[in-house]
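Participant: predicted model follows, preceded by the sequence.
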Amino acid sequence: MENKTMQRNLYRVLRKTGVEKRDIALSASFNEDLQFDTIDWKIFTYYLENIFNTNFKDEELKRLKNINDTLVLLKHTA
């Protein structure tokens, strides 16, 4: 999958999770900047796996600190 398409789809996932468009930046941290809680993580994971048609291990998801980390993970699974 092309990088721009991957990034666009990741932004769609974030928007479905409830993240405001203005808050989406590659350096935005999930816990501090986006204020993700347990429910946000579940919604994020659900849409991430469905839109990218993949499954992630819990260990992989726990390593995600910011949006850029998610892009790196997606590139390695593509």
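Facilitator: Thanks, I have it. Numbers count the residues shown, from 1 in each chain.
Participant: just the helices in the protein please.
Facilitator: 3-17, 38-51, 58-62, 67-77 (DSSP state H).
Participant: pLDDT weak spots in the protein?
Facilitator: Judged against pLDDT under 70, the low-scoring parts of the chain cover residues 1.
Participant: centre-most residue in it?
Facilitator: Among the residues of the chain, residue 70 comes closest to the average C-alpha position under CA atoms, centre = their mean, at 5.1 Å.
Participant: touching, that residue and residue 64? I think so.
Facilitator: Yes. Residue 70 is within contact range of residue 64, at 5.5 Å (criterion: CB atoms under 8 Å). From N, CA and C alone the C-beta is placed, and that goes for glycine too.
Participant: show me what stretch 4-24 is in contact with.
Facilitator: Where contact means CB atoms under 8 Å, 6 or more residues apart in numbering, the residues beyond stretch 4-24 that reach it are 1, 33-34, 36, 40, 43-44, 47-48, 51-52, 67, 70-71, 74-75, 78.
Participant: if we use 10 Å, what do you get?
Facilitator: With CB atoms under 10 Å, 6 or more residues apart in numbering as the contact definition, stretch 4-24 has outside contacts at 1-2, 26, 28, 30, 33-36, 39-52, 67-68, 70-71, 74-75, 78.
Participant: what sits against residue 61?
Facilitator: Neighbouring residues of residue 61 by CB under 10 Å, 6+ apart: 41, 44, 45, 48, 49, 69, 70, 73.
Participant: contacting residues for the second one?
Facilitator: Taking CB under 10 Å, 6+ apart as the definition of contact, the neighbours of residue 44 are 10, 13-14, 16-19, 30, 34, 36, 61, 64, 70.
Participant: one more time with 7 Å, if that's ok
Facilitator: Applying CB atoms under 7 Å, 6 or more residues apart in numbering, one finds that residue 44 lies in contact with 13, 17.
Participant: how close does it get to residue 64?
Facilitator: Relative to residue 64, residue 44 is positioned 9 Å away (CB to CB, to the nearest Å).
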